[in-house]
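Novice: Build me a model:
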Amino acid sequence: MQVDPPSSSPSPSDPSGAPSAGTVPAPRDSAAGGTATATRPASGLDRFFGITERGSTVPREIRGGLVTFFSMCYIVVLNPLIIGTVPDSTGQFLGGGTEPNLPAVAAGTALIAGLLSIFMGTWAKFPLALAAGLGLNAYVAYSVVPLPGMTWGGAMGLVLLEGVIILLLVLTGFRKAVFDAVPPFLKTAIAVGIGLFIAFLGLYNAKFVTTATGTPVQLGNDGSLTGWPTFVFVTGLLLMFVLWVRKVPGAILISIVFATVLAIVLESVLKLGAFAPAGADGEGNPGGWAMNVPTISEFPIQVPDFATLFTVDPIGGITAAGVIGATVIVFSLLLADFFDTMGTMVGVASGAGLVDETGDIPRSQRILVVDSVGAIAGGIGGVSSNTSFVESTSGVAEGARTGLASVVVGIAFLLSTFLSPLVALVPYEAATPALVMVGFLMMTQVTDIDFTDVEVAVPAFLTIILMPFAYSITVGMGAGFIMFVLIRVIRGRAKDVHWLMYLVAALFIAYFLRGGIESLLL
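Specialist: Have a look, this model is predicted:
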């Protein structure tokens, strides 16, 4: 197994305080002090994670880990709502029984996310956290489980199979070879596109922008900013930018905590409740909280129910869907997982200043191995494929540079198996300003792309805009890869394209046409 050499320290900010291209500026350790400088490692913890080597500190890593956790802890609530509310073809719900068992799905989701994040932190030593992948879970719930004869155990068996295959691709070096074949400008475009994607994700999840009837999206719920939850989001976002501009350490975490306290106070006084779209009859609650209602309605400590664990049926999915059908399902899962992770890894590494001059990332092979294990663990845990979360960039923006931040995320997820009411206390409106902030920081890398060169500009443009517009990192990457190959070929430079790029472009074409392919084969 190939292991990459240790990384260099992140690039510093310029004297004006603006981030250097391709990096998120390292936060200061004190409001008046300067940026941390590399000194001799002071402890075994420091040496193990290479904290000083990467220009960070233990407090900064802890802050970054907590910010990442608060940015992605919604998955403990959202994953059960997606996979825990859909019965399989036999009428059984995930975790067993004829009624949804959401607490068990939530506990399993948090457990697997915690273990994998700790694995990423201690083995790959990279500030990247994992949890059940959105999109992948929806595909399993709404496209796989309803198939005739399919059970939840069988569906998780297909997830397990996908994980085994993608792990083999990593161990043989194929996955990293594909990553190395991608031109540096496309890697930068991927990072910029992810920035726009997560910024839009933050705005949309907080209901700052919503779907509309006359236009695809609109400001607020009616074309204007209304409601106290929106006030919390705007307050948190403004505070975050003010603290960041003032170089206050912990700006993102301080803002999340402040916004959460503000949300708790407003909910306790005004009883806003959960968001519900306004209907034609005037019913609904458009002024409610987008996801978590910031209130504790039960005892904050609960004994977790791990009923989803080890319910996987490795053979049942193949038996129900048939060999051809199972192949199509596994391929769809594999392709999305394969490239989503590569894009996320680039985004996090770029933000942390961990990409070297050749576009390589330290310990990238180990990162890909951990992510591949995530699919296997998700299938065994019965909570769908786990993958690297782009929200990890929020922790990087807070200063995370090492695997210690991922360990902090993992510990927080493990604690949340017992403290699910407290996890549900943080509303989207308090956490998602961090995604907007990170989107801005990642967008600054666009200056590294030469838009005067058509062979660079067109693929980069499609990569960047299609991630938010198509609401998919994979779609943006696929469009960029295909266009890169196409332009090189029509300009007579076919020999300059790595053969793996041709293969990847062909796979993306198959991925984009998978709906028609599935209708013919299933």
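Novice: alpha carbons only for contacts and neighbour counts from here, please
Specialist: OK.
Novice: Could you count how many residues lie near Val303?
Specialist: Close neighbours of Val303, defined as other CA atoms under 10 Å, add up to 10.
Novice: Quick one, grab the pLDDT at it.
Specialist: Note on Val303: pLDDT of 88.
Novice: Does it lie in a helix or a strand, and which?
Specialist: Using DSSP states H and E, Val303 falls within no helix or strand.
Novice: And it, how far from Phe512?
Specialist: 44 Å (CA to CA, to the nearest Å).
Novice: what comes into contact with stretch 427-435?
Specialist: 70-71, 74, 198-199, 201-203, 205-206, 229-230, 232-234, 236-237, 240, 252, 255-257, 259-260, 263, 289-294, 391, 394 (CA atoms under 8 Å, 6 or more residues apart in numbering).
Novice: Among the residues you listed, which are located in helices?
Specialist: Of the positions in the contacts of stretch 427-435, 70-71, 198-199, 201-203, 205, 229-230, 232-234, 236-237, 240, 252, 255-257, 259-260, 263, 394 sit in helices, assigned by DSSP state H.
Novice: Now a PyMOL select for only the buried ones of those.
Specialist: Selecting only the buried entries of the ones in helices among the contacts of stretch 427-435 in PyMOL, with 16 or more other CA atoms under 10 Å as the criterion:
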select buried, resi 70+71+198+199+201+202+203+205+229+230+232+233+234+236+237+240+252+255+256+257+259+260+263+394
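Novice: Which positions within stretch 72-88 qualify as buried?
Specialist: Per 16+ other CA under 10 Å, stretch 72-88 contains these buried residues: 72-80, 82-88.
Novice: Might you report the residue contacts of Val217?
Specialist: So Val217 contacts Val209, Thr210, Thr211 (CA under 8 Å, 6+ apart).
Novice: quick one: which of those residues has the most company?
Specialist: Neighbour max across these (other CA under 10 Å) = Val209, 22 neighbours.
Novice: ok, longest helix in the chain?
Specialist: helix 316-351.
Novice: in that helix, what counts as buried?
Specialist: For helix 316-351, by 16+ other CA under 10 Å, it's 316-318, 320-321, 325-351.
Novice: Quick check on Leu130: phi, psi?
Specialist: phi -120, psi 150 (degrees, to the nearest 10).
Novice: Wait, it touches Ser117, no?
Specialist: Yes: contact status for Leu130 versus Ser117: in contact at 5.4 Å, counting by CA atoms under 8 Å.
Novice: Next one, pLDDT for Lys271 please.
Specialist: 91.
Novice: do you know how far it is from Trp289?
Specialist: Plainly put, Lys271 is 10 Å away from Trp289 if you go by CA to CA.
Novice: Next: Gly353.
Specialist: For Gly353, the distance to Trp289 (CA to CA) stands at 36 Å.
Novice: picking up where we left off before, more neighbours: which of Lys271 and Trp289?
Specialist: Neighbours per residue, other CA under 10 Å: of Lys271 and Trp289, the larger number sits with Trp289, 25 against 14.
Novice: Mind picking out the helix or strand in the chain with the poorest mean pLDDT?
Specialist: helix 420-423 (a mean of 68; mean pLDDT, DSSP states H and E).
Novice: Only alpha carbons, please: show the helix or strand following that one as PDB.
Specialist: Scanning forward in sequence from helix 420-423 by DSSP H and E, the next helix or strand is helix 428-431. Extracted C-alpha coordinates of helix 428-431, given in PDB (Å, rounded to 0.1, in the frame of the first residue of the first chain):
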ATOM      1  CA  TYR A 428     -30.000  24.500  10.800                       C
ATOM      2  CA  GLU A 429     -30.300  28.300  11.100                       C
ATOM      3  CA  ALA A 430     -27.500  28.300  13.700                       C
ATOM      4  CA  ALA A 431     -25.100  25.800  12.000                       C
END
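Novice: Make residue 1 into 16 and carry on from there
Specialist: Sure, I'll start numbering at 16, so the last one becomes helix 443-446.
Novice: And the average pLDDT for the helix or strand that comes right after helix 443-446 is what?
Specialist: Following helix 443-446 in sequence order, the next helix or strand is helix 448-458 (DSSP H and E). What helix 448-458 shows for mean pLDDT is 85.
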